[in-house]
Each structure stands twice: as C-alpha cells, then as structure tokens.
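In: Sharing a model prediction with you, sequence too.
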Amino acid sequence: MRMTSTKGTSMSLTHTQETELAGFPDYESSCSVDDGAGRAIRDVLDRVGDKWSLLLIATLQGDRLRFSELLKHIPGISQRMLTLTLRQLERDGLVSRTVHAEVPPRVEYELTDLGGTLIPIARTIGDWAMANHPAIEESRAAYDARR
C-alpha cells in the first residue's frame, strides 16, 4: 500500500502496518489533506495530546471537582496551565463548568458525556505509557550515549 503524507511525499507501509490498519477501512482517506479528516484528527490530537488534558480528563472521571481540588490531584500543573486547559476542554465540550451562586462563588468542573467517552482511550494510553516507559527511557539513554 502506498500513501501520500501531508507533505506530499510518497510512503510505503510494511506488511505488518497494512495488517494493523486492516480494521480501519477509511485510514488511507483519513490521512488525505483534501477531505478534512486529517485536519479533524490533528485538531483532536492537539487537544488531548497536550501535556495536561488527558490527566485532567482522567482526574475528573466520575467526579465533580473544584479548581483547588484539581490543583491538588495533578502534581506539577500551575494555576495558569490548569485554567487554560480547563477553558480549552470546556470550549471543546469535554468539560462543563458550573458556577454556584454562593459567597464566595463555588465553581466545579466535571466531564461531559462527550468527555467521558475519552476515559477508555485515556486509560489505554496511560497503561501503555506505564508499561513501556522503562523501555523508552532505556532507548533514550542509548540514543543519547551514541550522540
């Protein structure tokens, strides 16, 4: 199978890659720049593939949490990045924001139904990352040693 990349170069897939893609009949056309599917895939991957989105989605699984609770549950995220990521996820319809009319105002975040559909995917990616991280670290160290 020959495919054209988004840069217009021709690529050949190995037999293994063709076999793996057999379950995705529209894969070849989805990689085309002409039909918009490639843009859709990149757009969604830009959102869920950033540093914090999947962690936020996993943290909100089955919970409605306040901003301060999210900060405690996600080590290393700054208030600014949490704010930006929540806004982006809310804009994409993956997270909902509820403001309660109290003094001081109470704001809670939770996954929407659409956001909940990402949980199995996030879990699969997380499991893969944990299982393969030692091998990746080893490969990085070997690569860096050769450089």
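Out: Happy to help now that I have it.

In: Now do the same for Thr83: helix, strand or coil?
Out: Following DSSP: H, G, I helix; E, B strand; the rest coil, the label given to Thr83 is helix.

In: contacting residues for the closest residue in space to it that isn't next to it in sequence?
Out: Spatial nearest neighbour of Thr83, chain neighbours left out: Phe67 (7.9 Å); criterion: C-beta to C-beta, 6 or more residues apart in numbering. (Glycine included, C-beta is placed from N, CA and C.) Remark: with contacts taken as C-beta atoms under 8 Å, 6 or more residues apart in numbering, Phe67 is in contact with 82-83, 86, 107, 109.

In: Tell me the one of those nearest Ala142?
Out: Nearest to Ala142, judged by C-beta to C-beta, of the contacts of Phe67 is Leu82 at 35.4 Å.

In: residue closest to the middle of the protein?
Out: Using C-alpha atoms, centre = their mean, the residue of the chain that lies closest to the mean C-alpha position is Val48, 2.3 Å off.

In: Please, where are all the strands along this protein?
Out: With DSSP state E, the ranges of strands along the chain come out as 2-4, 10-12, 65-66, 95-100, 106-111.

In: Nearest approach to Arg147 belongs to which of the ones you listed?
Out: When the strands of the chain are ranked by proximity to Arg147, the top entry is strand 10-12, at 26.2 Å, counting by C-beta to C-beta.

In: re earlier: any of the contacts of Phe67 buried? List them.
Out: For the contacts of Phe67, burial is judged from neighbour counts taken by 16 or more other C-beta atoms under 10 Å, and it is met by 82, 86, 109.

In: and Ser53, how many residues sit next to it?
Out: Residue crowding around Ser53 was assessed by other C-beta atoms under 10 Å; the count is 22.

In: Appreciated, that's everything.
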